[in-house]
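Novice: what shape does this take:
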Amino acid sequence: MISTLSRRKFLKLSGAAVAAGALGLGVFSPAVRAASMSLAQLLSVDAVTLEYKIFSPCCYFCTDYLVVSHYQPVVLCEVIKGGGDSVIGGGNPIGGPLSAAVEDNGYTTTHVRLWKIPDWAVNVAMAGQGCKMCGVDSATSNASINMSQQSACGAPANALVSQATQSINSTLSNCFPQLLYTTESDPTWNTGCRDWGMIVPTELECSAIGSAVSSMFGFERCIGSNWGPLYPRQMATNYDSPIVNAGIAAYRALHVARNAIGSLPFDTSLMVGKLQQTTPHLTVGLGAGSLGLDTQMRLGNVATDHIYTFVWWLPVVCCKEYEEIFGFCEPSSPC
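Specialist: Now for the predicted structure:
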């Protein structure tokens, strides 16, 4: 490995891009600028989560290209209470007949929307230095649906969810991120009937050792060592912390979209990805349900509007030009 770029050094390289933007290069309409800034403000790129590393040249004869690896933000998880709730903005009403949820200490329910983070949003969040990243598409992979999770309840719901998602995406304005899954159109999210046949994990299985061992072999039945059982994947949780409840809901929705429906083109393995809370309290990205992430989240304030956002990060590797890594990115339109 050649070097690792710190967050401070990364931001220092953005001076020319910021100056170019101030001079009017790449002027956008007010609607486009508002939509881009609304989404970009929900992203936070820090050195600990990013883990940007530079390695050797890509090949013997291409010394101007270097191998880089880092974590890429790929999915924005919007945890909400009702259909009218949204943190992205842009004047796009999204909701459905199932968009009702409650909040109390004994029984907490939430809905989740999963959005694919566009590259232009990452570029805005990084002050115009997004060309140093491998890109969101570099983290995509084919979803493998677990047929054991296709119950009599889940199979018909998948068709309904797919149709509803396509309908919503067709009505969204330009520059808006792509909706990958929303629990508001999934009736199984309200009842958990998709997983009624699953055996509930024991406390030993969800302990630090038990969850680590099961995750290594792909048997993810617990959300880390601190957030308890993954199943049933439904809106209801019994934790007394609304913040933790939101994190549980976000990861459950990711898991359903990837492994039960197949609409999520990103790996959701606990041993691979990182989960980061971005509002109302900002954390660094760590394993979902890990002690570190749980501790950070509990230090934050409870959202008075019951809206939380999380970002799912995945590791990527690609070849980048030397000038892209150590130079300045050219100003570009957000979308």
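Novice: all strands for the protein, in order.
Specialist: Using DSSP state E, the strands assigned to the chain run over residues 3-4, 53-57, 65-80, 111-116, 178-182, 274-279, 308-321.
Novice: mind putting those into JSON lines with mean neighbour count, mean pLDDT and distance to Leu299?
Specialist: C-beta: built from backbone N, CA, C; applies to glycine. Compiled in JSON lines, the strands of the chain are given as follows (neighbours: other C-beta atoms under 10 Å; pLDDT from 0 to 100; distance: least, C-beta to C-beta, whole Å):
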{"stretch": "strand 3-4", "mean neighbour count": "13", "mean pLDDT": "58", "distance to Leu299": "27"}
{"stretch": "strand 53-57", "mean neighbour count": "15", "mean pLDDT": "94", "distance to Leu299": "29"}
{"stretch": "strand 65-80", "mean neighbour count": "23", "mean pLDDT": "96", "distance to Leu299": "18"}
{"stretch": "strand 111-116", "mean neighbour count": "24", "mean pLDDT": "94", "distance to Leu299": "23"}
{"stretch": "strand 178-182", "mean neighbour count": "23", "mean pLDDT": "93", "distance to Leu299": "29"}
{"stretch": "strand 274-279", "mean neighbour count": "24", "mean pLDDT": "96", "distance to Leu299": "11"}
{"stretch": "strand 308-321", "mean neighbour count": "21", "mean pLDDT": "96", "distance to Leu299": "14"}
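Novice: for these, which one sits closest to Ser225?
Specialist: strand 274-279 (13.8 Å; C-beta to C-beta).
Novice: that closest one - contacts with which helices or strands?
Specialist: Counting contacts by 3 or more C-beta pairs under 8 Å, 6 or more residues apart in numbering; DSSP states H and E, strand 274-279 is packed against helix 242-255, helix 291-298, strand 308-321.
Novice: using PDB, write out every CA atom in it.
Specialist: Extracted C-alpha coordinates of strand 274-279, given in PDB (Å, rounded to 0.1, in the frame of the first residue of the first chain):
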ATOM      1  CA  LYS A 274     -21.000  -0.500   7.500                       C
ATOM      2  CA  LEU A 275     -24.000   1.300   8.900                       C
ATOM      3  CA  GLN A 276     -23.700   5.000   9.700                       C
ATOM      4  CA  GLN A 277     -26.300   7.200  11.300                       C
ATOM      5  CA  THR A 278     -26.400  10.700   9.700                       C
ATOM      6  CA  THR A 279     -29.400  12.400  11.300                       C
END
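Novice: need the single longest helix in the chain, by residues.
Specialist: For the chain, the longest helix by residue count, based on DSSP state H, is helix 154-171.
Novice: which of the residues in it are buried?
Specialist: Neighbour-count burial for helix 154-171, counted by 16 or more other C-beta atoms under 10 Å, picks out Gly154, Ala157, Asn158, Val161, Ala164, Thr165, Ile168.
Novice: and of those, the nearest to Cys319?
Specialist: Taking C-beta to C-beta as the measure, Thr165 is the one of these closest to Cys319, at 33.6 Å.
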